[in-house]
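Engineer: Attaching a predicted model along with its sequence, questions to come.
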Amino acid sequence: MKKIILYILAFFMFCFCIPIVFIKPFENREMAYIIENQINNIEEQEEQINNYDYKELNTVKLFHTKTGEIEEINLDEYLVNVVSAEMPADYEEEALKAQAIVARTYTMYKINHKKHDEADICDSSSCCQAWISKEDRLARWEEGVREDNWNKIVRAVNNTIGKIITYDGEPINAFFHASSGGTTETPFNVWGGSGYPYLQVVETAGEEGYTQYSSEVSFTKEELVNKLKEKYSDIEINFDDINSVKILEYTESGRVRTVQFGNKKLSGVEARTILNLRSTNFEISKNEENIIFSVKGYGHGVGMSQTGADAMAKQGYNFEDIIKHFYTGVEILKY
Ligand SMILES: [Zn+2]
């Protein structure tokens, strides 16, 4: 197979590059460089694929959090239910394919980094990865679109069979979220720690049109104080002081790093949790009565943005473009 590709490339070089030598020597040098690179990439990829044997890992031990039961399921069957739980079925096929690869990669990562004793992964989105039974999934869609929606997701999983995202030859920890609000976040600014070079801040155009992109939460002064008192019983805010409620610092992605509430300084992540905001990408405004939080994006902001993926697919990008946009320096390999 490798040989055939090399022959085709050699033939291509012969037909197109050699005549160019006589016309445009500099462009030819560039072309030859590109072709040489392509050959190297193919060799590199095949090498990695040969060293990569996940065939034995084609079943998943899924822990059902509600019943406590552990079920052994075929990996790709499991992924159809996951993708149907994690991404709206009316998203573009390329976005669904990207989600299927992300979910497969995340599952592989979890198999190697187990959180649960007897199982590989559980069905909860707040712990591992959302999963919904086919019966429940179909019941939540309108009758007229049930079959088409399900088949569309089955297709996204089947068209990407075996594909996973790797960095340095290992499956990545493929974080994703609903909407980045235009810019993703580094894991350090959400959970601290280090060690995910493929999770950088990246910008994505076209998320503005989605309902997940912007939201607003409004509190009366009393409501705000009471909310914060659930965590900090000794909090005091003098609303006459204009500096009493104020963002102090932003992260590189423009999210809130620290915010002042009266005598307390909170991290953006903590404020998001206590006030139940959709993300840490917020601005604060005040009027006579209320303190208003205008929020951009939905979720922690790390890794692939689902609305960003769909927006990119609408602009004509394929699943590979989408994945390589959100995860820096990765390869998509087939095992
Ligand atoms: Zn779990």
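Structural biologist: Noted; the coordinates are in hand.
Engineer: What parts of the stretch 1-150 of the chain come near the ion?
Structural biologist: Within the stretch 1-150 of the chain, the positions near the ion by C-beta under 5 Å from the ion are 115, 122, 127-128. C-beta coordinates here come from the backbone N, C-alpha and C atoms, glycine included.
Engineer: In ChimeraX, select just the buried ones from those residues.
Structural biologist: Only the buried members of those enter the following ChimeraX selection, criterion being 16 or more other C-beta atoms under 10 Å:
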select :122,128
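Engineer: Okay, strands next: where are they in this protein?
Structural biologist: 59-63, 70-74, 121-122, 163-167, 170-171, 176-177, 214-220, 245-250, 256-261, 264-267, 282-286, 290-296, 304-305, 331-334 (DSSP state E).
Engineer: got CSV for these, with mean pLDDT too?
Structural biologist: Below are the strands of the chain laid out as CSV (pLDDT from 0 to 100):
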stretch, mean pLDDT
strand 59-63, 94
strand 70-74, 95
strand 121-122, 96
strand 163-167, 95
strand 170-171, 90
strand 176-177, 95
strand 214-220, 97
strand 245-250, 98
strand 256-261, 98
strand 264-267, 97
strand 282-286, 96
strand 290-296, 98
strand 304-305, 98
strand 331-334, 93
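Engineer: how about the helices in the stretch 151-300 of the chain?
Structural biologist: With DSSP state H, counting those that start in this stretch as the definition, the stretch 151-300 of the chain shows helices at residue ranges 188-191, 221-229, 268-275.
Engineer: ok, and which of the ones you listed has the densest surroundings?
Structural biologist: Ranked by average neighbour count under the criterion mean count of other C-beta atoms under 10 Å, those are headed by helix 268-275 at a mean of 20.
Engineer: Need the contact partners of that helix.
Structural biologist: Helix 268-275 is contacted by residues 189-190, 217, 219, 224, 227-228, 230-231, 251, 255-259, 261, 266, 277-280, 282, 293 when judged by C-beta atoms under 8 Å, 6 or more residues apart in numbering.
Engineer: re earlier: mind listing which of the residues of the stretch 1-150 of the chain next to the ion are in helices?
Structural biologist: Using DSSP state H, no member of those falls within helices.
Engineer: chain center to stretch 192-201, what's the gap?
Structural biologist: The chain centre lies 13 Å from the centre of stretch 192-201; the measure is C-alpha atoms, centre = their mean, to the nearest Å.
Engineer: What residues of it count as buried?
Structural biologist: Buried-residue list, stretch 192-201, by 16+ other C-beta under 10 Å: 196, 198-201.
Engineer: Also stretch 120-129?
Structural biologist: 120-123, 128-129.
Engineer: Stretch 164-179 too?
Structural biologist: Quick answer for stretch 164-179 (16+ other C-beta under 10 Å): 164-167, 171-179.
Engineer: burial count for the residue nearest to S285 when sequence neighbours are not counted?
Structural biologist: The shortest distance from S285 to any non-neighbouring residue, by C-beta to C-beta, 6 or more residues apart in numbering, is to I292 (4.8 Å). Neighbour count for I292, taken as other C-beta atoms under 10 Å: 15.
Engineer: Next up, the contacts around E289.
Structural biologist: Shown in contact with E289 (C-beta under 8 Å, 6+ apart): 220-221.
Engineer: now it: how far from the ion?
Structural biologist: As judged by C-beta to the ion, to the nearest Å, E289 and the ion stand 42 Å apart.
Engineer: got it, and G308?
Structural biologist: Plainly put, G308 is 25 Å away from the ion if you go by C-beta to the ion.
Engineer: Now that residue: closest residue in space that isn't a chain neighbour?
Structural biologist: Residue nearest to G308 in three dimensions, not counting chain neighbours: T204, with 3.7 Å by C-beta to C-beta, 6+ apart.
Engineer: Is that neighbour in contact with S180, as I believe?
Structural biologist: Yes. Using C-beta atoms under 8 Å, T204 is in contact with S180, at 6.0 Å.
Engineer: between those two, what contacts are shared?
Structural biologist: Common contacts of T204 and S180, defined by C-beta under 8 Å, 6+ apart, comprise 305, 308.
Engineer: Compare those two (neighbour count), which wins?
Structural biologist: Neighbour count, other C-beta under 10 Å: between T204 and S180, S180 has more, with 34 against 22.
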